[in-house]
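Student: Need the 3D shape of this:
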Amino acid sequence: MSDLISIIVPVYGVEKYLRQCVESVLAQTYSCWELILVDDGSTDGSPLICDEYAAADQRITVVHQENGGLSFARNSGLARAKGCMVTFLDADDTVHPEYLRILHDLLLGHNADVSCVSFTTDGAFDVNHAQVRCYDGKSFTNAMLYQKFGNLTHSAWGKLYRREILPESPFTIGIGYEDLDALYRIFPGLTKVVTTSAGLYFYRQNPHSYLHTFNARRADVLDVTDRIAEFFSKSGAYPSPELYKGARDRRMSAHFNIFCLMSINGHYDTRLENRCWNVIKKERICSVINPEVRFKNKAGAILSFFGRRAVAFFARFVYR
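Tutor: Below you'll find the model as predicted:
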């Protein structure tokens, strides 16, 4: 169907929020959609909730599978999608009633490959005075690498994709930062990406903020940003001097962040700490002299010249 939107929702251990998520889809003013709930081996009451909604609305399909992680669940949902447009929604999040309609109208009205909305973390949606901007794929990727979008993120959710631009299995299984890992390969070659500042996606933050904690999966961002830098380098799959500069800054930012998180969380791993510090030393001059780099990254790069202890001391105040 030419106007069908496939909504893919991975479900795992979200019994507390799943009904709110599905109800926000049912409340959409745009009605030509299918909802694919991928039960990724949940052990709580989520599978029964999925089945309940599927029995009540023929537009809702449930996939029950053994646990394989977020990437596996999204890929499974995508393989079953019938729509010519696709959006991803996390099961503990909700969307504004106009979410699909606005994304659809932006995508078709601007003849774009992807349309994007902003997100909110307090549940207060904002559709007023929204600004719409268009990018080619390369400039969008550049802004994403420099982290200039504010409430527009590198996350897979909050976006509507034409089905044909997505690879068969875009998400790498078994890693963290799977969204960033997928999108840097998808966006550079796109013709047009359209964005709106309207806050139509409610991203529910974990009270034990992932942003301020450290675990082994968190360190996956180091591998991901290493691959991004290689991808855009002269010897990479998509050589681009412009994007390579942004990739180097994103790599610097990731390694600086992990170094700081290890420091404030008392995680001692000399090998990982040295890996981060070596990249910081390698990339910091590039970040300092690059006019595209945001102030926060420049400040971190400059601070690193005072040594590891200075960075660790700084982290205690900024990352708390």
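Student: C-alpha only now, for contacts and for neighbours.
Tutor: OK.
Student: and the spatially most central residue of the chain, what pLDDT?
Tutor: By Cα atoms, centre = their mean, the chain has its centre lying nearest to residue 155, at 1.3 Å. Confidence at residue 155, expressed as pLDDT, is 92.
Student: Look up which helix or strand it falls in, please.
Tutor: Using DSSP states H and E, residue 155 falls within no helix or strand.
Student: Is it correct that residue 116 is in contact with residue 160?
Tutor: Yes - counting by Cα atoms under 8 Å, residue 160 is a contact partner of residue 116 at 6.5 Å.
Student: Name the residues contacting each of those two.
Tutor: Shared contacts of residue 116 and residue 160, defined by Cα atoms under 8 Å, 6 or more residues apart in numbering, are found at residue 103.
Student: out of everything not next to it in sequence, what's closest to the residue nearest to the centre of the chain?
Tutor: In this structure, residue 155 finds its nearest non-sequential neighbour in residue 179, 5.2 Å apart by Cα to Cα, 6 or more residues apart in numbering.
Student: unless I'm mixing things up, the residue nearest to the centre of the chain is touching residue 180, no?
Tutor: Yes - using Cα under 8 Å, residue 155 is in contact with residue 180, at 6.7 Å.
Student: model confidence over stretch 197-208, on average?
Tutor: Averaged over stretch 197-208, pLDDT sits at 83.
Student: Numbering from 43 from now on, please.
Tutor: Sure, I'll start numbering at 43, so the last one becomes stretch 239-250.
Student: For the stretch 243-362 of the chain, which segments are assigned as strands?
Tutor: Applying DSSP state E, counting those that start in this stretch to the stretch 243-362 of the chain gives no strands.
Student: And the helices in it?
Tutor: Ranges of helices in the stretch 243-362 of the chain, per DSSP state H, counting those that start in this stretch, are 262-274, 283-306, 312-331, 337-346, 350-360.
Student: Need the winner for burial among the ones you listed.
Tutor: Neighbour counts (mean count of other Cα atoms under 10 Å) averaged over each of the helices of the stretch 243-362 of the chain peak at helix 283-306, with a mean of 24.
Student: what's it packed up against?
Tutor: helix 179-187, helix 262-274, helix 312-331, helix 337-346, helix 350-360 (3 or more Cα pairs under 8 Å, 6 or more residues apart in numbering; DSSP states H and E).
Student: out of the ones you listed, which comes closest to residue 237?
Tutor: Nearest to residue 237, of all the helices and strands packed on helix 283-306, is helix 179-187, at 9.8 Å by Cα to Cα.
Student: Now tell me what touches that closest one from outside.
Tutor: Residues outside helix 179-187 that contact it (Cα under 8 Å, 6+ apart): 191, 195-196, 226, 229-235, 284-285, 288-289, 291-292.
Student: which parts of the helix or strand just after that helix are buried?
Tutor: Using DSSP H and E, the next helix or strand after helix 179-187 towards the C-terminus is strand 201-204. By neighbour count on 16 or more other Cα atoms under 10 Å, the buried set for strand 201-204 is 201-204.
Student: Would you mind pulling up the elements that strand 201-204 packs against?
Tutor: For strand 201-204, the elements it packs on are strand 127-130, helix 141-151, strand 156-162, judged by 3+ Cα pairs under 8 Å, 6+ apart.
Student: how about a cut-off of 10 Å?
Tutor: strand 47-53, strand 127-130, helix 141-151, strand 156-162, strand 235-244 (3 or more Cα pairs under 10 Å, 6 or more residues apart in numbering; DSSP states H and E).
Student: To residue 91, which of those lies closest?
Tutor: Proximity to residue 91 (Cα to Cα) singles out strand 47-53 among those, at 10.4 Å.
Student: Parallel or antiparallel, list what pairs with that closest one.
Tutor: The pairing partners recorded for strand 47-53 under DSSP bridges are strand 75-82 (parallel), strand 127-130 (parallel).
Student: Make JSON lines from the ones you listed and add mean neighbour count to it.
Tutor: Putting the strands paired with strand 47-53 into JSON lines (neighbours: other Cα atoms under 10 Å) gives the following:
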{"stretch": "strand 75-82", "mean neighbour count": "25"}
{"stretch": "strand 127-130", "mean neighbour count": "24"}
